[in-house]
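S.K.: next one to model:
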Amino acid sequence: MKTLFLAWQSPETRAWFPVGRLDADAKESKYIFKYIQGVEKAKRQGFHPMSSFPDFSKCYESSELFPLFKNRVLASNRRGFEEYLRSLDLDTSSVDLLDILAITGGERQTDSLEVFPKLEKADDSTFRCRFFLHGLRYCHETVRERILALQVGESLGVLLELNNPATGLGFQFKTQDHVLLGWSPRYLVDDLIGAAVSYPHLEAKVVLNNPEGTPLNRRVLIELTGKLPNDYQPMSSPDFQVLH
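M.R.: Residues are numbered from 1 along each chain as shown. Presented below is the predicted three-dimensional model:
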């Protein structure tokens, strides 16, 4: 089973809330969607049940990936699909829609929803995750010029930002020559703080630097590794628990 969460952004406050959970086993053709407790906070900001999942208390099951998620992935019959997979550093011979959603976030210009993967902790308490640098559209031109020179495998420093204007706390990445780049996704911040406090050694590297002209939200793919406290389970706060 792979787990993805669905988040919703308030159009008024621009705050994000986790609202749903998708558990999927593509090989067994089993897909389950449930609302989670974060939806209670979202409702106070104006969130309503989605037409695809109209009942907050229901467990939805399907033998195919629900259209709400499937429609957020470029169709495999579209021109340039293999190039699209390569830009995500995914195997072009074995397509997994869940892997695509986990990296891209399934963002669309027409709604306020975003998909993100559950952060998994290994038996030795380490974790490994991949994501595209966020916030590149806010970077100065000199930063974008430095991005052009990023090399695959290049190590990046990880910085905790205490006064991010959008999220309060945030994690930013810098090159070895001290050029500040973009940020981690917001959904990782709480768990990364837990990792940084107990095990301050986080490592980041460039996995892929897509060519100029690639949409900024798919430009620089990062891999982040670290270790979490032994008794800490990521994404286990009440907001992530299934709504009963």
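S.K.: separation between the residue in the chain sticking out farthest from the centre and P185?
M.R.: Computed with Cα atoms, centre = their mean, the residue of the chain farthest from its C-alpha average is D177, at 27.0 Å. Counting by Cβ to Cβ, to the nearest Å, the separation of D177 from P185 is 25 Å. For every residue, glycine as well, the C-beta is placed using N, CA and C.
S.K.: quick one on the thing from earlier: for the residue farthest from the centre of the chain, pull up the helix or strand it's in.
M.R.: Here D177 is covered by no helix or strand, with elements defined by DSSP states H and E.
S.K.: what pLDDT is listed against it?
M.R.: Looking at D177, its pLDDT is 94.
S.K.: give the contact list for the nearest residue to it once chain neighbours are set aside.
M.R.: Once flanking residues are discounted, D177 sits nearest to R146: 8.0 Å by Cβ to Cβ, 6 or more residues apart in numbering. R146 sits next to T175, D177, V179, L181 when contact means Cβ atoms under 8 Å, 6 or more residues apart in numbering.
S.K.: the spatially most central residue of the chain bridge partners, please.
M.R.: The geometric centre of the chain, computed from its C-alpha atoms, lies nearest to F116 (Cα atoms, centre = their mean), at 3.8 Å. As for beta bridges, F116 partners with F5 under DSSP bridges.
S.K.: so it is in contact with T104, correct?
M.R.: No. Using Cβ atoms under 8 Å, F116 is not in contact with T104, being 10.1 Å away.
S.K.: so which helix or strand of the protein has the lowest pLDDT on average?
M.R.: Using mean pLDDT, DSSP states H and E, helix 189-198 stands out as the lowest-scoring helix or strand of the chain, at a mean of 83.
S.K.: how about residues contacting that helix?
M.R.: By Cβ under 8 Å, 6+ apart, the list of residues contacting helix 189-198 reads 119, 127, 158, 160, 167, 169-171, 184, 202, 224, 226-229, 232, 234-235, 237.
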